[in-house]
Structures are given as C-alpha cells and as structure tokens.
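Student: give me a 3D structure for the following:
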Amino acid sequence: MKRFWKDGDPWIWLTGGALAACLLFVAGLVFLIAASGMGFFWPQEILRVKLADGSSLMGSVVQVEVIPHAPRTGDGQAPRRLQIKQGNRDLYGSDFVWVDELKIVSRETPADAVLVERREWGNLYGTLREVRVDGRPVAPGGEKGLEAVLARLPEAREHARRIQALEKGEIGDANRAQEKVRLQLRALELQGVTAGPAVDRLQAETQRLQKDYAAAASKLSELRKQRSGTVLFGIEGGKEKELAIEDVVRILEPNRMGVFAKAGCYLSRIWEFLADDPRESNTEGGVFPAIFGTVMMVLLMSLFVTPLGILAALYLREYAKQGTFVSLVRIAVNNLAGVPSIVFGVFGMGFFVYRIGGSIDRLFFPESLPTPTFGTGGILWASLTLALMTVPVVIVATEEGLAAIPKNLREGSLAL
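Tutor: The predicted model follows:
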C-alpha cells in the first residue's frame, strides 16, 4: 500500500479525473447553452386562446411558470401562467403577454394561422385573408393566398434590396459628400476665411450635392411606390392589418408544417442570424456585423500584441541581466496577467478614447468638434485595449515555452 502511494499513481488518477470532470462541465455548459438558445429558431405552433372574459388572443407559448405566492387550486396544484408571444406590436404595443392558466377557457391550433416575420414592428400573428396588387384582389386567403405571396416574395425581396442599396449607395454617398464639404467650410471659418474663391467653390459644390441628393431621394420615392402588392391579414379580436409584401421577411404556417419543412425554416433562420444585418434596433435579424467586427478586432490585436509580447519575452529570458529589476518586471507582468478585464476596459476608455482620441480630435479635426472623430469608441481603441490585456499573457506563455527548451537544444541552435 505504501508503494502504491509512493509511486504517485493515485495523484495521476486524481489529476486526470479532475481534468475529465472539468471537460465534462464545459461540455455540459455548452450543451445547455446550445439546447436553450438553438431552440429559439425552431418554428413553434400558433395557439388561439379564448379567455373567461370572452376575449381571445393568438400567438406562441414562450414560457410556462408557477405563479409565485398564489393559493393552490382545489386539486392541490400550484396555479401557472403562460407567457405568450402575441406579436403585432404596432397594434397591441407589446410583443408578449402573461395569461393565467385558470382564465383560459379553450385552446386550439388553427390550421390557417400564419406567422409573418416583418422588417419592422416584429412578428405578425393572424390569418391571411386577401392578396392585393394595386388595390385589386388577386388571390383569396388560405392556401391560394399563401402561394400567391410566396410567388411574389422573391421579387419583393429584390425590390427591397434595391431600395436598401439606393439608401446606402447614392443617398449615403451624397450625405457623406455634403458632410465633407460642410467640414471644409467650417475649417475655413475657423481660419478666419469667410469669403473668397475657396468658399465660393465649396458653396457651389454644396448646391450640386444637394441637387444630387434630391434626385436620389426622388428615385427612392418612386421605388417605394412600385410595390409588388399587399396582403390583408385578419388579427385576433376583429382587427385587420394590410402589409406590403416588401415588408415581409418570411411567412409561415407552423401548424401545417411538417418536420422537414420546420427543419428547413430552422436552418434558414440560423443562416439569417449568422449572415444578415440586424434590424429593429438590433433586436431582430442577424449578427454578421458583430462577428465581422470581432474578427477584425482580434486580427488588429494580434498585429499589436504578437511582436511586442514575443520580443519582450525573448529579451527578459535571453538578453536581460537577471537581477532585482528584471525580477520586479517579471512579477509585475505576472500580476498584470491576472488583472480583471473590466479594469483594462476602464483604462482603455479613459486613456485611449478620452485622452489620446480627444487630443487627436483637438489637433487634427477641430472643425468636427463637438462631434468626436477619434475621441469615441472604435475598433482601433478596442484592439489596443485588448492588446494591452493580452500582452502579459503572451509574455508569460512565451517565457514558459523558452524555459522548457532543453539546454542541449538551445546550445545546438545557437551554434548553428
């Protein structure tokens, strides 16, 4: 038994078991996040709920919970309430509503219930009643109406893309050009120049750009009038809503969809989440700009931190004279590697953004003030802050790697 403990096998098993437990915990956490988050994209059934007061609502059940501190029912069960996503935020004012289960008289899943994902105002829940083109009915509700909408949806999406391209292209370019000319005029004004050939030239350029902007705005107005059609929906409670097909992102009948149809919708929603731009104030749509910005920030951080961290570690390990000062530097680096990230974030905000960025604005962009150019949050300052936080880790890791090299390999490399 003594030999068993002396050989160290129990400690090997203990450390291996601890590693396996950590990996298991991490895998469980990833699975929990994936199971909770990825289910969001699966199309849910649409319920029509009739309440005891005679009202009714339509939507998808998001959450069921026990009502806290509520007396138990006659059968001893704790009363529950349902959180239902009713959508139609432009009509009801909110997307979600809580309903006590005891107040529900009946539930049903109507086959003709539709879910419409819109570009604005969130989801719409209702029934399709009519498809119109230029104000004239072209298809009734039900399956024929849905087929008519789906047939016109690709053209409507292309039309919406043309509108978006015009807004970001010609109109955006005209706005940026006008702002550039305005800043040039402001710079001349700060220099005391209020008249002369330069001012006249910039004012003439401003008038030309305003005409270009008016022409682009007129083109945009004409494009918006050229609709592919509208769809009339019946909303629970006797209301109606007419919606342009260009405003439709996706239209579904979840209660009629099979597993494969729902799986296809599920994959398309995931792709939209990863590859599209956000909409509705970043509450819907995709996160592609965030992914792109994160990757760009990490690349910029790597450009800053890799040479600095590796060269600093090489100097500390190979060239610096080992003594009290180097030991203090090494202790400081090790301590910096353990500083919480929020501390670096506050430092980056105060030093990079307000101090350095504000100084750059005052020196090189006075005409833009008080609107900041560099004195605000940006990917450059975020990358520098992240690099500052990562440099100690790179130094420590590089030093440990250099220290692990056997002496004979080190001397052989130096000899070569």
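
Student: going forward, measure contacts and count neighbours with C-alpha atoms only.
Tutor: OK.

Student: on the three-state scheme, P43 is what?
Tutor: What DSSP: H, G, I helix; E, B strand; the rest coil gives for P43 is coil.

Student: so what does it have for phi and psi?
Tutor: phi -60, psi 120 (degrees, to the nearest 10).

Student: that one and T230, how far apart?
Tutor: Spatial separation of P43 from T230 under the definition C-alpha to C-alpha, to the nearest Å is 24 Å.

Student: now do the phi/psi pair for the residue nearest the centre of the chain.
Tutor: The structure's the chain has its C-alpha centroid closest to V287; by C-alpha atoms, centre = their mean the separation is 3.5 Å. Main-chain torsions, V287, degrees, to the nearest 10: phi -120, psi 20.

Student: what's the weakest-modelled helix or strand in the chain?
Tutor: helix 2-6 (a mean of 65; mean pLDDT, DSSP states H and E).

Student: can you name the next helix or strand after that one?
Tutor: Once helix 2-6 ends, the next helix or strand along the chain (criterion: DSSP states H and E) is helix 9-38.

Student: tell me how far that next one lies from the chain's centre.
Tutor: Helix 9-38 has its C-alpha centroid displaced from the chain centroid by 29 Å (C-alpha atoms, centre = their mean, to the nearest Å).

Student: what's the first helix or strand after that helix?
Tutor: strand 47-51.

Student: quick check: mean pLDDT of that following strand?
Tutor: Across strand 47-51, pLDDT averages out at 92.

Student: so what are the sheet partners of it and their directions?
Tutor: Take DSSP bridges as the rule and strand 47-51 pairs in its sheet with strand 56-66 (antiparallel), strand 104-108 (antiparallel).

Student: neighbouring contacts of it?
Tutor: Identification of contacts with strand 47-51 by C-alpha atoms under 8 Å, 6 or more residues apart in numbering yields 56-61, 103-110.

Student: again, only using 10 Å
Tutor: With contact meaning C-alpha atoms under 10 Å, 6 or more residues apart in numbering, strand 47-51 is reached by 55-61, 84, 86, 99-111, 113, 125-126, 236, 255.

Student: over to P340: give its phi and psi.
Tutor: phi -60, psi 150.

Student: equivalent analysis for I251, please.
Tutor: Given degrees, to the nearest 10, the pair of backbone angles that I251 has is phi -130, psi 130.

Student: residues contacting it?
Tutor: 114-118, 123-124, 146, 149-150, 153, 245.

Student: with T127 instead?
Tutor: T127 is in contact with 58, 110-116, 141-142, 232-236, 240, 253, counting by C-alpha under 10 Å, 6+ apart.

Student: helices of the protein, residue ranges please.
Tutor: Secondary structure of the chain (DSSP state H): helices at 2-6, 9-38, 89-92, 142-166, 172-190, 197-225, 259-275, 288-314, 324-336, 341-348, 358-364, 379-403, 407-415.

Student: okay, now the unreliable bits of this structure?
Tutor: 1-8, 74 (pLDDT under 70).

Student: picking that back up, looking at the helices of the chain, which is nearest to R132?
Tutor: Of all those, helix 142-166 sits nearest to R132, with 9.7 Å by C-alpha to C-alpha.

Student: in that closest one, what's buried?
Tutor: For helix 142-166, burial by neighbour count (16 or more other C-alpha atoms under 10 Å) applies to 142, 145-146, 148-150, 153, 156-157, 159-160, 162-163, 166.

Student: for P289, which non-adjacent residue is spatially closest?
Tutor: Nearest non-adjacent residue to P289, counting by C-alpha to C-alpha, 6 or more residues apart in numbering: D277, 6.5 Å away.

Student: got the contact list for that neighbour?
Tutor: 284-290 are the contacts of D277 under C-alpha under 10 Å, 6+ apart.

Student: among the residues you listed, name the buried ones.
Tutor: Buried, going by 16+ other C-alpha under 10 Å: 284-288, out of those.

Student: with respect to L24, which of the residues you listed is nearest?
Tutor: Among these, and counting by C-alpha to C-alpha, the member closest to L24 is V287, at 29.2 Å.

Student: relative to D100, how far out is that closest one?
Tutor: 35 Å.

Student: contacting residues around V133?
Tutor: 139, 227-231, 244-245.

Student: stretch 41-48 spans what distance, first to last residue?
Tutor: 21 Å.

Student: tell me how many other residues crowd G196.
Tutor: Using other C-alpha atoms under 10 Å, G196 has 8 neighbouring residues.

Student: quick check on it: phi, psi?
Tutor: phi 130, psi 180.

Student: how far away is it from Q184?
Tutor: Applying C-alpha to C-alpha to G196 and Q184 gives a distance of 14 Å.

Student: still on that earlier bit, list just the nearest of the buried residues of helix 142-166 to L388.
Tutor: L166 (40.8 Å).

Student: pull up the gap between L336 and D173, please.
Tutor: Distance, L336 to D173, by C-alpha to C-alpha: 45 Å.

Student: should've said G309
Tutor: 41 Å.

Student: more neighbours: which of these two?
Tutor: G309 (23 against 16).

Student: that one against M301, yeah?
Tutor: No. Using C-alpha atoms under 10 Å, G309 makes no contact with M301, being 11.5 Å away.

Student: okay then, goodbye and thanks.
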